[in-house]
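Peer 1: one predicted model, sequence on top.
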Amino acid sequence: MKKTILITMLSIFALGLTALPSSAAEFDQTHKVFDDVLHHYVKDARVDYANLKANRQELNRYLGQVAAVTKSDFKQWNENEQIAFLINAYNSYTLRLILDHYPVKSIKDIGHIWSGPWDQPVVRLFGNTITLNSLEKEIRDYHDPRIHFALVCASIGCPPLRSKAYVASRLNEQLDEQARQFMANRSKNRVDVANRTIYLSPIFKWYAGDFQNKAGSVLDFINPYWPKDERAELEKLGQEKFEVRYTDYDWSLNAQAK
């Protein structure tokens, strides 16, 4: 028994997860450790993966804090605390997945045809080891489609990765900011008035049901988040008169230029 306990302790140290809170109830809701990681290694939505890989102790420390949270303690948090926690968990585990395989040109280079990157058992959560797909499903169960503007799959086609962590006290504001920033990126979403066409990111096709269930249609959901000029044109001409097409999704790694 003593030998087993010793081996377990050594395994935790090897993973860089030594700084676990003494109780999951003491989890830092400011997510300061992850916030510092993002501040130092993310700029303009691009990640300095090379330097982060060489200095990953703080990311591992944050993941240790995440893994220490129990389901019972998690259920005692308010909804915004839960959502912020799960979004940060998704984004931080995605970062570690990339680091574990870096250098790669795309997250889609990880895994194989039968088990892609989102099917890898890399997420330690509530005493279990799950996949990013499973974690995403758990977040979607909160029925707030704005989470699709916050979950970042390490690709240029994704919504931007913030250089700050999500926190419960500012969650609604942060998610609205993400939505507006995403809709303002004309490489992903734009209104072509001359050709009566609305070009949208494939995210709105992949998760159409989430947006429809919340607002009746994808276009009705995103309407408040368009830049002012685009929203004015749609309101003047009527969005129902526009055809919807989807832009190409860029799966290139969201890495900083070397």
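Peer 2: Structure received. Nothing here was measured: the structure is a model prediction, and the numbers come from that model.
Peer 1: show me what contacts residue 42?
Peer 2: 48, 161, 162, 163 (CB atoms under 8 Å, 6 or more residues apart in numbering). All C-beta spots, glycine's among them, are computed from the backbone N, C-alpha and C.
Peer 1: for burial, what's the neighbour tally of the closest residue to residue 154 other than its chain neighbours?
Peer 2: Nearest non-adjacent residue to residue 154, counting by CB to CB, 6 or more residues apart in numbering: residue 107, 4.6 Å away. Residues lying near residue 107 (other CB atoms under 10 Å) number 23.
Peer 1: can you tell me how far residue 107 sits from residue 225?
Peer 2: 26 Å (CB to CB, to the nearest Å).
Peer 1: excluding sequence neighbours, find me the nearest residue to the residue most central in space within the chain.
Peer 2: Centroid check for the chain by CA atoms, centre = their mean gives residue 151 as the closest residue, at 2.0 Å. The spatial neighbour of residue 151 that comes closest, neighbours along the chain excluded (CB to CB, 6+ apart), is residue 90 at 5.3 Å.
Peer 1: hmm, residue 134 and the one you found touching each other?
Peer 2: No: using CB atoms under 8 Å, residue 90 makes no contact with residue 134, being 10.5 Å away.
Peer 1: which one's more surrounded, these two?
Peer 2: Set residue 90 next to residue 134 and count neighbours by other CB under 10 Å: residue 90 wins out with 22 against 15.
Peer 1: so which bits of the regular element (helix or strand) spanning residue 37 are buried?
Peer 2: Using DSSP states H and E, residue 37 sits in helix 32-41. Neighbour counts using 16 or more other CB atoms under 10 Å place 33, 34, 35, 36, 37, 38, 41 of helix 32-41 among the buried residues.
Peer 1: what's that helix in contact with?
Peer 2: 47-49, 51-52, 58-59, 61-62, 65, 88, 92, 95, 161-165.
Peer 1: and with 7 Å instead?
Peer 2: 47-48, 51-52, 58-59, 61-62, 65, 88, 92, 162-165 (CB atoms under 7 Å, 6 or more residues apart in numbering).
Peer 1: neighbour-wise, which one of those residues leads?
Peer 2: For these, neighbours tallied by other CB under 10 Å; top is residue 62, 27 neighbours.
Peer 1: and the angle for the helix or strand hosting that one with helix 32-41?
Peer 2: Assigned by DSSP H and E, residue 62 falls within helix 57-68. Interaxial angle, helix 57-68 versus helix 32-41 (axes from the mean of the first three to the mean of the last three CA atoms, to 10 degrees): 150 degrees.
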